[in-house]
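Undergrad: coords please:
(one chain, ligands or ions: 1)
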Amino acid sequence: ILAGCDVDGHGEVRPMNREELLARVEGAEGLLCTITDRIDREVFDKAPGLRVAANYGVGFDHIDVAEAGRRGILVTNTPDVLTDATADLAFALILAVARRVVEGDRRTRSGQFRFWAPLHFLGTEVSGKTLGIVGFGRIGKAVARRARGFDMQVLYTARKPLEKREEERLGVRFAPLEELLAQSDFVSLHVPLTPQTRHLIGARELSLMKPSAFLINTARGPVVDEKALVETLRGGGIRGAGLDVYENEPELTPGLADLQNVVLLPHVGSATVETRTRMAEMAVENLLEGLAGRRPPHCLNWEEVKGKR
Ligand code: 8YV
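TA: The predicted model follows:
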């Protein structure tokens with residue numbers, strides 16, 4: 001599918017390290033990158049001929065889009081195609097932490113399921129509970145749709161509340177962050193990582209949550225102060241957490257992996273065969289359209305860059 005391009009890569013199923021990336025971008029006109037590649041001034045300096053940086057993913061906090069724009073480099077991403085897969089995973093984590101799915105699996109495998117008993121391995125009911133969705137974009141809304149199927153009440157925060165009629169249609173209610181944290185049984189994060197959302201959930205915010213509540217993060221690790229989260233979980237400040245992303249990925253904050261009441265996944269929100277295939281097709285289409293001088297279908301800075309090309 002990269003017809004017409006000379007493709008260079010290191011040909012291995014692992015991310016390029018920084019040195020490899022900097023060495024290989026020299027002379028490149030297009031880049032196909034992922035979250036593991038920091039695309040910044042240093043990369044742009046090494047690749048003066050670069051015209052398109054096509055991201056395989058929707059989040060683009062690892063790319064200096066402003067600097068790319070100044071240099072006339074198009075930046076593209078892959079929205080929509082991964083919305084359902086990521087919302088599904090957020091729900092998988094909600095169910096997993098509430099019903100202790102992973103812990104139960106561990107116990108059963110290790111031969112600790114010896115008899116059935118009425119109070120054995122009790123979890124928390126999901127149906128009828130309140131879900132707080134922090135960030136109400138495409139993925140936040142998709143999580144809300146799933147929550148309705150579980151008869152949950154849904155609160156959401158967003159920079160701008162929806163119109164009343166739209167709220168009614170989706171069966172959701174706007175709540176400022178502090179109120180949402182205090183009222184929700186599950187809090188699920190769906191904001192992009194920006195300077196404003198870094199450590200949006202810290203010790204103070206965690207202390208506002210109910211001791212019976214769970215935190216779910218399928219967005220970006222640094223949205224949560226992970227050290228504060230470990231301390232809160234240790235002290236029983238909240239009941240548990242389901243995490244797909246980490247503050248210093250792939251490193252885990254010491255103590256996190258020792259907790260029984262957390263479910264930890266290796267950043268797999270969009271990792272289904274169907275979704276990753278669609279992401280690849282979209283990223284490549286964006287790249288080829290940009291290289292051909294046309295507007296890529298999902299471009300983050302077309303208006304700014306088009307005049308400079
Ligand atoms: C990707 C993601 O796995 O799209 C995103 O923002 O976090 C994931 O879907 C990752 O970005 C790969 O680049």
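
Undergrad: only C-alpha atoms for contact and neighbour calcs from this point on.
TA: OK.

Undergrad: low-scoring stretches of this protein, by residue?
TA: Low-confidence segments of the chain (pLDDT under 70): 1-4, 309.

Undergrad: just want the most central residue of it.
TA: Nearest to the mean C-alpha position of the chain, by C-alpha atoms, centre = their mean, lies A219 at 2.5 Å.

Undergrad: correct me, but that residue touches T197?
TA: No: counting by C-alpha atoms under 8 Å, A219 does not reach T197; the two are 10.8 Å apart.

Undergrad: shared neighbours, those two?
TA: Any residue near both A219 and T197 by C-alpha atoms under 8 Å, 6 or more residues apart in numbering counts here, and that gives V191.

Undergrad: so what's the gap between the longest helix along the chain and the chain middle?
TA: Using DSSP state H to define each element, the chain has its longest helix at helix 273-291. Between the centre of helix 273-291 and the centre of its chain there are 19 Å (C-alpha atoms, centre = their mean, to the nearest Å).

Undergrad: and the helices in this protein?
TA: 18-24, 41-46, 65-70, 83-99, 101-109, 138-149, 164-170, 177-183, 203-208, 226-234, 273-291, 302-306.

Undergrad: between these, which one is closest to L256.
TA: L256 lies closest, by C-alpha to C-alpha, to one member of those: helix 226-234, at 5.8 Å.

Undergrad: mind exporting the C-alpha coordinates of that closest one to CSV?
TA: Presented in CSV, the C-alpha positions along helix 226-234 are these (Å, rounded to 0.1, in the frame of the first residue of the first chain):
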residue,chain,number,x,y,z
GLU,A,226,0.4,7.8,39.5
LYS,A,227,2.3,8.2,42.7
ALA,A,228,-0.7,9.8,44.3
LEU,A,229,-2.9,7.0,42.9
VAL,A,230,-0.7,4.3,44.4
GLU,A,231,-0.8,6.1,47.8
THR,A,232,-4.6,6.5,47.6
LEU,A,233,-5.1,2.8,46.7
ARG,A,234,-2.8,1.7,49.5
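
Undergrad: about what we covered before: and the gap between the residue nearest to the centre of the chain and the ligand?
TA: Separation of A219 from the ligand (C-alpha to the nearest ligand atom, to the nearest Å): 7 Å.
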